[in-house]
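> my questions are about this predicted structure, shown below with the sequence.
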Amino acid sequence: MSERTEALMRIVVGIISGIILGIWQVVVKILSIINFFYVIFTNKRHVGMAEFCNRWNTQAYKYIRYLTFTTNERPFPFTDLGKDIMPYDKKK
């Protein structure tokens, strides 16, 4: 695919991925609040919530890289979620 075609595809990909990541971001914010209280009461992080939020961080990073022409790798949902860029900190 030529650079011009890929640049035009960024409009479609940006809108669709942006909507999905925006909804996902609202869920991440709610989970962050829930995880805050979970840590307060249990003295440990909820692994599932931490992994879910970390996955969003990775996808948001890939989305920004794509929209700023740093890479031609399309973000979710146009590619698999793949691996996280950095694992979440498992230390207490």
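Sure thing, it's come through.
> any regions of this structure where pLDDT drops low?
Counting by pLDDT under 70, the chain shows low-confidence ranges at 90-92.
> residue 85 versus residue 5, what's the distance?
27 Å (CB to CB, to the nearest Å). For every residue, glycine as well, the C-beta is placed using N, CA and C.
> looking at those two, which has the bigger crowd around it?
For the pair residue 5 and residue 85, the greater number of neighbours falls to residue 85 (11 against 8), based on other CB atoms under 10 Å.
> mind checking the longest helix of this structure?
Using DSSP state H to define each element, the chain has its longest helix at helix 3-42.
> report all helices and strands that the helix or strand just after that one contacts.
Beyond helix 3-42 on the C-terminal side, the first helix or strand identified by DSSP states H and E is helix 47-67. In terms of contacts (3 or more CB pairs under 8 Å, 6 or more residues apart in numbering; DSSP states H and E), helix 47-67 is packed against helix 3-42.
> now the angle from the helix it packs on to helix 47-67?
Taking axes from the mean of the first three to the mean of the last three CA atoms, to 10 degrees, one finds that helix 3-42 is oriented at 160 degrees with respect to helix 47-67.
> tell me the buried residues in helix 3-42?
With burial defined by 16 or more other CB atoms under 10 Å, the residues of helix 3-42 counted as buried are 10, 13, 17, 21, 24, 28, 31, 35.
> doesn't residue 34 make contact with residue 52?
No - counting by CB atoms under 8 Å, residue 52 stays clear of residue 34, with 11.1 Å between them.
> need the contact list for residue 15.
Contact criterion CB atoms under 8 Å, 6 or more residues apart in numbering gives no residues in contact with residue 15.
> how much space between it and residue 44?
Separation of residue 15 from residue 44 (CB to CB): 39 Å.
> and for residue 9?
From residue 9 over to residue 44 the distance is 43 Å, taken as CB to CB.
> over to residue 56?
Counting by CB to CB, the gap from residue 56 to residue 44 is 21 Å.
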